[in-house]
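here you go, sequence then predicted model.
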Amino acid sequence: MVVGGGASGMMAALAAGRSGAEAVVIEKNPRVGKKLLGTGNGRCNLTNENAGAGFYHGAHPLFAEHALSLLDPAAVRELFRGIGLETKAERDGKVYPLCDQASAVLDVLMFAMEKQGVAVHCGERVTAVRWELEGSRRTFFVECASGGRYQGDCVILACGGKAAPGCDGQSYELASLLGHRVSELFPALAQLKLEGDFFPFLSGVRIEGAAAVLKDGEEARRERGDLLFTNYGVSGPPILQLSRKAGEILRENDTAVCELRLCLLDRWRPDEILSCLERRFQILGDWPISQCLVGFVNKRLGQVLLKLAGLFHRKGTVSQLRREDVERLGRLFWDWRIPARGLRGWTNAQVTAGGVLTEEISARSMESKLVEGLYFSGEMVDIDGDCGGYNLQWAWASGFLAGRSAAGRQDAAPTVP
Ligand SMILES: Cc1cc2nc3c(=O)[nH]c(=O)nc-3n(C[C@H](O)[C@H](O)[C@H](O)COP(=O)(O)OP(=O)(O)OC[C@H]3O[C@@H](n4cnc5c(N)ncnc54)[C@H](O)[C@@H]3O)c2cc1C
C-alpha cells in the first residue's frame, strides 16, 4: 500500500508492481501527480545528469547515495524511455521531457501503472497507519478520513512534505504515529525576503550576475545566473539555490547575521569596475551626479545604488565626485550586502528541508528500522536536493528502491525496463 500518489509514490508502486507485488496507491487529491504538473515551470525538470549525493542536504546526505546509484539519472531516463517518454538534457545537466510538457511525465506514469495493474484510489486522505502481529506475520491497516480502510503486508509512506500550496505536512504525523522522529522542518528552494524599502521600486529589474549568502560576513555559498528583483527582495534560480543555506543560518541562532551579497558585475574584476567608472566620470564630467549611472546599469537600479552610496541627492556635477565617492559606489557592483529577513513561507517553497530521521531508516532498502514492513520515500525523508532536477531524482530513486524492497527484492540488481 503506497500512501501518496506523487512522483515518489507512483514510482514506488510501479517498481513494486514490476517486482511482482500487488500494489495500491492511496491519494488524498482527486487525482495523482498534481504537483508534478507545475514542476519546472510546467516543463518538469525530471532529473539532472550530475545528480550524486553531493547535491543533497539533510543531517546525513550520504544516506541518499545507495538509492541514487541504484536508479541514477541515466537509469531514470532509460526507465522513462521504456514507458514512452523521450527526454533531453539541457544546460547544467537538467533533463526535461523532449516535448517540454510536465503533463507528459504524469501521463506515461499513469499509463505504466495501469498496464502494471497498480490500483489507484484517489480522494482518500489517510489519517493513520496501524499494524497487528499474528505470530510473525504483520498486517498493516491504512485508515482514511472517509472511513475507508485498506489492509496489506507492507506500507510505503510517500506522502511528501510541507512545501507548495495544499501540502499540510500530515505525512510527518503519520510517521510520528508509527514511532518515527522528524527533524526540524523549514522551507527550502524558497524566495528570500530581504531588508530594504527600495525593492518595490526595483521590482521587475533583471540582471545576470552572482549572489552569495554570508554568515557573519563570511561567504557560505555562491551562485550565479539570472537575478530578478521583486517587491520583497530578489528571486531567480541562484536565489532558490542559496535559500537553503540562508534558511540554515537564519535558524541557527539569534546572533548569526545572514546577508545576501550581490555581485552585479561578477565577470569584472573590482579594479576594472573602478577604472570604467572613473573613465566614464571624466568623459561625463558635466552631467548631474544623480544621472551618472545612466547608460551603465538599469536606470532604476542605478538610482538605488546612488542612494545607497549617499550620492543621489548630492548637488553638483559628476566632475565634483571625489575618489572615495567613486570607490563607495563602485564597491556596490561587486559587494552589495543586503540583510536577509527570512524565507517566504511554505506555499512559495519548492521543497521541505528536514523530515523523517534517516538514522531510523535503512539506506539499503528504505525500510523503517523500527517497524518491519514500513517503508519511506521522497520528500518526507530528511533529504532535500539542490534546484535543478535533484529533488525529483531523489523522489524517483527512493521510490524505486522502496517499491522493489517492499516487494521483497531488495538484493536484486536493477533492471531497467
Ligand atoms: C512549484 C514547484 C516546482 C518544482 N519543480 C521541480 C523540478 O522542476 N524538478 C525537481 O526535481 N523538483 C521540483 N520540485 C520539487 C518536487 O516536485 C518534489 O521534490 C517532489 O514532487 C516530491 O515528491 P514526493 O512524491 O515525495 O511528494 P509529492 O510530490 O508532494 O507527493 C506526495 C503525495 O502524497 C499525497 N498525500 C499527502 N498526504 C496524504 C495523506 N494523508 N493521504 C493520502 N495522500 C496524501 C499528496 O496529495 C501528494 O500527491 C518542484 C516543487 C514545486 C512546489
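Yep, that arrived.

the ligand contacts on the stretch 201-350 of the chain?
With Cβ under 6 Å from any ligand atom as the criterion, the stretch 201-350 of the chain meets the ligand at residues residue 350. (C-beta placed from N, C-alpha, C; glycine too.)

likewise for the stretch 1-150 of the chain?
Going by Cβ under 6 Å from any ligand atom, the residues of the stretch 1-150 of the chain near the ligand are 3-9, 26-29, 34-35, 38-40, 44-45, 125-126.

switch to 5 Å and redo it
4, 6-8, 27-29, 35, 38-40, 45, 125-126 (Cβ under 5 Å from any ligand atom).

nearest residue to the residue in the chain that the ligand sits nearest to other than its sequence neighbours?
Relative to the ligand, the nearest point of the chain is residue 6 (1.8 Å; Cβ to the nearest ligand atom). Leaving out its chain neighbours, the residue that sits closest to residue 6 by Cβ to Cβ, 6 or more residues apart in numbering is residue 160, at 5.2 Å.

residue 237 too?
residue 225 (4.8 Å).

show me the contact partners of the helix or strand the one you found falls within.
Residue 225 belongs to strand 218-229 when assigned by DSSP states H and E. Strand 218-229 is contacted by residues 199, 202-214, 234-239, 241-242, 245, 249, 261-262, 266, 301 when judged by Cβ atoms under 8 Å, 6 or more residues apart in numbering.

what residues are up against the residue lying closest to residue 198 once chain neighbours are set aside?
Leaving aside its chain neighbours, residue 198 sits nearest to residue 304 (4.7 Å; criterion: Cβ to Cβ, 6+ apart). By Cβ under 8 Å, 6+ apart, the contact set of residue 304 is 198, 201, 202.

return the subset of the residues you listed lying in strands.
Counting by DSSP state E, none of the members of the contacts of residue 304 fall within strands.

which stretches of the stretch 101-250 of the chain form strands?
Remark: strands assigned in the stretch 101-250 of the chain by DSSP state E, counting those that start in this stretch are 119-121, 126-134, 137-144, 149-152, 155-157, 186-188, 192-194, 206-215, 218-229, 233-235.

now those as TSV including mean pLDDT?
Listed next are the strands of the stretch 101-250 of the chain as TSV, based on pLDDT from 0 to 100:
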stretch	mean pLDDT
strand 119-121	97
strand 126-134	95
strand 137-144	95
strand 149-152	95
strand 155-157	98
strand 186-188	91
strand 192-194	90
strand 206-215	96
strand 218-229	95
strand 233-235	91
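
Serialize those strands to TSV and add fields for mean neighbour count and distance to residue 105.
Formatted as TSV, those follow (neighbours: other Cβ atoms under 10 Å; distance: least, Cβ to Cβ, whole Å):
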stretch	mean neighbour count	distance to residue 105
strand 119-121	17	16
strand 126-134	14	24
strand 137-144	16	26
strand 149-152	14	26
strand 155-157	30	20
strand 186-188	26	22
strand 192-194	22	29
strand 206-215	20	29
strand 218-229	17	24
strand 233-235	23	25
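
which of these sits closest to residue 278?
strand 206-215 (21.3 Å; Cβ to Cβ).

partners of the closest one in the sheet?
Strand 206-215 pairs in its sheet with strand 218-229 (antiparallel), strand 258-263 (antiparallel), by DSSP bridges.

average pLDDT for the shortest one?
Meaning strand 258-263. Mean per-residue pLDDT for strand 258-263: 96.

about what we covered before: so which of the contacts of residue 304 belong to helices?
In this view, these that belong to helices under DSSP state H are 201, 202.

top of the contacts of residue 304 by neighbour count?
When neighbours are counted by other Cβ atoms under 10 Å, residue 202 leads the contacts of residue 304 with 19 neighbours.

the residue most distant from the middle of this structure, which is it?
Distance from the C-alpha centroid of the chain, by Cα atoms, centre = their mean, peaks at residue 286 (49.7 Å).

phi, psi for that one please.
Dihedral angles of residue 286 (phi, psi; degrees, to the nearest 10) stand at phi -90, psi 0.

spatially, what comes nearest to it if we skip its sequence neighbours?
residue 317 (5.4 Å).

if I read this right, that neighbour contacts residue 288, doesn't it?
Yes: the pair residue 317 / residue 288 is scored as a contact, 6.3 Å apart, by Cβ atoms under 8 Å.

and these two? which has more neighbours close in?
residue 317 (16 against 13).

low-confidence stretches in the chain?
The model of the chain has pLDDT under 70 over residues 409-417.

what are the boundaries of the helices in it?
Ranges of helices within the chain are 7-18, 34-37, 65-70, 73-82, 102-116, 170-177, 199-202, 237-252, 270-283, 299-308, 323-334, 390-406, based on DSSP H.

need the contact list for residue 354.
If you count contacts by Cβ under 8 Å, 6+ apart, residue 354 has them with 58, 182, 183, 184, 185, 186, 382.

tell me what the second one is bridged to.
It refers to residue 182. Note on residue 182: beta-bridge partners by DSSP bridges are residue 356.

tell me how the protein divides into domains.
The record's domain split for the chain, according to automatic domain parsing, is 2-187+346-406, 189-264+338-343, 270-334.

need the winner for burial among those domains.
The highest mean neighbour count among the domains of the chain, using mean count of other Cβ atoms under 10 Å, belongs to domain 2-187+346-406: a mean of 20.

I figured residue 402 was touching residue 71, is that so?
No: using Cβ under 8 Å, residue 402 is not in contact with residue 71; the gap is 11.0 Å.

surely residue 337 is in contact with residue 261?
Yes: between residue 337 and residue 261 there is a contact at 5.3 Å, judged by Cβ under 8 Å.

now do the shared contacts for those two.
Common neighbours of residue 337 and residue 261 (Cβ under 8 Å, 6+ apart) are residue 214.

dump the residue contacts of the residue lying closest to residue 367 once chain neighbours are set aside.
Computed as Cβ to Cβ, 6+ apart, the closest residue to residue 367 that is not its neighbour in sequence is residue 375, at 5.3 Å. Each residue near residue 375 by Cβ under 8 Å, 6+ apart is listed here: 12, 154, 155, 156, 157, 365, 366, 367, 368, 402, 405, 406.

thinking again about what came up before, reformat the contacts of residue 354 as JSON lines; add distance to residue 332.
Putting those into JSON lines (distance: Cβ to Cβ, whole Å) gives the following:
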{"residue": "58", "distance to residue 332": "36"}
{"residue": "182", "distance to residue 332": "42"}
{"residue": "183", "distance to residue 332": "38"}
{"residue": "184", "distance to residue 332": "35"}
{"residue": "185", "distance to residue 332": "36"}
{"residue": "186", "distance to residue 332": "30"}
{"residue": "382", "distance to residue 332": "39"}
